[in-house]
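Asker: I would like to see how this sequence folds:
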Amino acid sequence: MGISLSGIGGFDTTQIVSQLMQIERQAGQRYTQQRAQLRTGVTAFQGLNSKLADLTKLSWEIIGKAAKTDTSLDPTPVWGATKGTSNHDKVTISTSGGAAVGSVEFDVKQKAQSKQVLLDSNQFHALVGDGNSISIAAGDKVVNITPKSNSMKDVAAAINAAKDAGVSATVVRTGDGVDGKGQYVLQLTGKETGEVNGNFKIFQGDVGLTATGEKERSDDSVAGTITYKFKNHSALQAGLSGSAEFTDLKTTRESSNAVIRMFGEEYSYSSNQIELLDKVKVDISALTQETKADGTPKDPNFLAKVSASKWWLIAKLRAKRSRAWWNP
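Answerer: Model prediction:
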């Protein structure tokens with residue numbers, strides 16, 4: 001049993017000690033309460049942070065991004081970039097940050113194309129002879145190519161290895177001769193579309209060397225090519241005006257611009273990826289001629305009638321117009 005000293009000097013010492021101990025416990029209780037409150041606050045902020053992260057992720061997904069990749073304070077990339085779509089499975093619309101607001105209607109008359117030519121065995125050997133180099137002019141460059149041999153296979157490989165030639169080469173077997181041996185043609189196809197960039201020309205020998213006008217020369221000993229770069233396409237044409245183009249070949253497709261009808265007028269573009277408004281691009285490269293059930297064109301004056309919408313990926317098919325809507 002503990003010792004109790006009550007009423008020493010007329011004071012209730014038991015009560016005094018009890019009150020002192022209670023005061024000491026109150027400080028500890030306040031600390032415990034404050035710690036609990038802080039933990040509750042931390043938990044609440046963690047929950048809020050998680051919800052903000054989810055909202056941020058969803059916001060970026062709306063414009064096609066997984067996350068923000070830059071630290072710019074410009075809000076344009078956030079609210080200006082949207083996804084474009086079309087109900088026509090051959091037409092797409094794409095937008096980027098700061099895309100212009102607006103809508104246009106247009107009809108697609110024709111697509112942009114690259115040039116394509118064929119050389120049969122006789123034409124091919126007339127071009128390369130016993131191992132002559134050839135030159136291909138496209139855009140603002142002339143590329144002189146020296147193949148390993150005068151075989152059609154080696155010439156095609158050399159053309160494809162020339163990165164600035166602007167042409168791809170393919171050897172195509174077109175049947176067998178009376179002797180049972182395969183017959184081949186060399187197919188050359190421009191890599192660029194449009195009346196200017198898609199229209200390449202072929203020459204015998206190194207015409208870039210003798211071409212007039214200012215030009216920059218670069219040699220690639222590995223690929224066996226010499227590239228001459230002119231100021232622009234017009235300068236190249238002027239520089240080659242005194243050179244004889246090799247024309248003993250069959251042109252299977254001429255280069256051409258894309259043509260659309262808009263605002264009652266026709267407009268042409270060198271590419272099938274057409275930026276009609278700032279940072280709003282319509283891709284018609286996959287379009288094909290729309291036909292009726294009997295196989296005849298629905299409209300011989302236009303390639304296809306399309307309707308495309310950019311409002312929350314909703315689209316309607318229209319009979320006579322190719323419409324593109326977008327909203328950044």
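
Asker: just so I have it, where are all the strands in the stretch 101-250 of the chain?
Answerer: 102-110, 116-119, 134-138, 141-145, 167-176, 182-190, 201-204, 215-220, 225-230, 250-253 (DSSP state E, counting those that start in this stretch).

Asker: Below-threshold pLDDT in the stretch 201-328 of the chain: ranges please.
Answerer: When residues are selected by pLDDT under 70, those of the stretch 201-328 of the chain lie in 304-328.

Asker: 90 instead?
Answerer: Scanning the stretch 201-328 of the chain for pLDDT under 90 picks out 221-224, 242, 260-264, 275-328.

Asker: in it, which spans are helices?
Answerer: Using DSSP state H, counting those that start in this stretch, the helices found in the stretch 201-328 of the chain span residues 207-210, 233-239.

Asker: Determine which of those approaches residue 15 most closely.
Answerer: Nearest of the helices of the stretch 201-328 of the chain to residue 15, taken as CB to CB: helix 233-239 at 106.3 Å. C-beta coordinates here come from the backbone N, C-alpha and C atoms, glycine included.

Asker: re the thing from before, out of the strands of the stretch 101-250 of the chain, deepest packed?
Answerer: Highest mean neighbour count of the strands of the stretch 101-250 of the chain: strand 134-138, a mean of 26 (counted as mean count of other CB atoms under 10 Å).

Asker: Can I get that one as PDB, trimmed to CA atoms?
Answerer: Below are the C-alpha coordinates for strand 134-138, written out as PDB (Å, rounded to 0.1, in the frame of the first residue of the first chain):
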ATOM      1  CA  ILE A 134      23.700   7.300-115.800                       C
ATOM      2  CA  SER A 135      22.300  10.500-114.300                       C
ATOM      3  CA  ILE A 136      18.900  11.000-112.700                       C
ATOM      4  CA  ALA A 137      17.600  14.600-112.200                       C
ATOM      5  CA  ALA A 138      14.800  15.200-109.800                       C
END
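
Asker: now what about that strand, what contacts it?
Answerer: 127-128, 142-145, 155, 159, 162, 165-167, 190, 192, 197, 199-208, 236, 240, 246 (CB atoms under 8 Å, 6 or more residues apart in numbering).

Asker: go again using 7 Å as the cut-off
Answerer: Outside strand 134-138, the residues that touch it by CB atoms under 7 Å, 6 or more residues apart in numbering are 127-128, 142-145, 165-167, 190, 197, 200-208, 236, 240.

Asker: Could you do stretch 205-218 as well?
Answerer: Counting contacts by CB under 7 Å, 6+ apart, the residues outside stretch 205-218 that touch it are 132-133, 135, 142, 144, 226-231, 235, 238-240, 243.

Asker: Done for today, thanks.
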